[in-house]
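A.B. asks: Mind looking at a prediction? Sequence and model below.
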Amino acid sequence: MKTMLALTALAGALYVAPATAQSLGTDTVTRVVSYSDLDLRTDKGQRTLDNRLRVAVSMACGTASSADPLGKREVARCRIDTLDRLSAQRDQVIAAAAALVPTQIASQ
């Protein structure tokens, strides 16, 4: 199954959904990647987001039998293309988090 995905940032979650699956006649697959619990201003938070995205993409693109070389190539291409397409939106989410400055309350 060849699936292309798109990512949209909304309210602390990334929605991974196929962009062309319907036109290809394949099933529509959607994965939600939450990041509201992460501090994306840190390397650890960004690494965790990247891991979550990779897992969601792997699940959405599926697997192919080792006896199906063409299917394995399509799955690999799906994963590569999807992660490439997600990178700009991932960077936007991280940039938005970096722009947030924590509010400091002065004690009297």
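C.D. replies: Thanks, I have the structure now. Numbers count the residues shown, from 1 in each chain.
A.B. asks: Mind jotting down where the helices sit in the chain?
C.D. replies: 21-24, 43-61, 69-99 (DSSP state H).
A.B. asks: which strands and helices sit next to the second one?
C.D. replies: It stands for helix 43-61. strand 5-10, strand 13-18, strand 31-34, helix 69-99 (3 or more Cβ pairs under 8 Å, 6 or more residues apart in numbering; DSSP states H and E). (C-beta placed from N, C-alpha, C; glycine too.)
A.B. asks: Show me what counts as buried in that helix.
C.D. replies: G45, Q46, T48, L49, R52, L53, A56, V57, S58, A60, C61 (16 or more other Cβ atoms under 10 Å).
A.B. asks: any idea which of the residues you listed is closest to A95?
C.D. replies: Of all the buried residues of helix 43-61, Q46 has the smallest distance to A95: 11.2 Å, by Cβ to Cβ.
A.B. asks: before we move on, back to that, can you tell me which of the helices of the chain comes nearest to T30?
C.D. replies: From those, taking Cβ to Cβ, the stretch that ends up closest is helix 43-61, at 7.7 Å.
A.B. asks: and that closest one with helix 69-99, angle?
C.D. replies: 150 degrees (axes from the mean of the first three to the mean of the last three Cα atoms, to 10 degrees).
A.B. asks: on that earlier part again, adding distance to L40 and mean neighbour count as columns, could you present the helices and strands packed on helix 43-61 in JSON lines?
C.D. replies: Formatted as JSON lines, the helices and strands packed on helix 43-61 follow (distance: least, Cβ to Cβ, whole Å; neighbours: other Cβ atoms under 10 Å):
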{"stretch": "strand 5-10", "distance to L40": "11", "mean neighbour count": "16"}
{"stretch": "strand 13-18", "distance to L40": "11", "mean neighbour count": "18"}
{"stretch": "strand 31-34", "distance to L40": "12", "mean neighbour count": "16"}
{"stretch": "helix 69-99", "distance to L40": "4", "mean neighbour count": "15"}
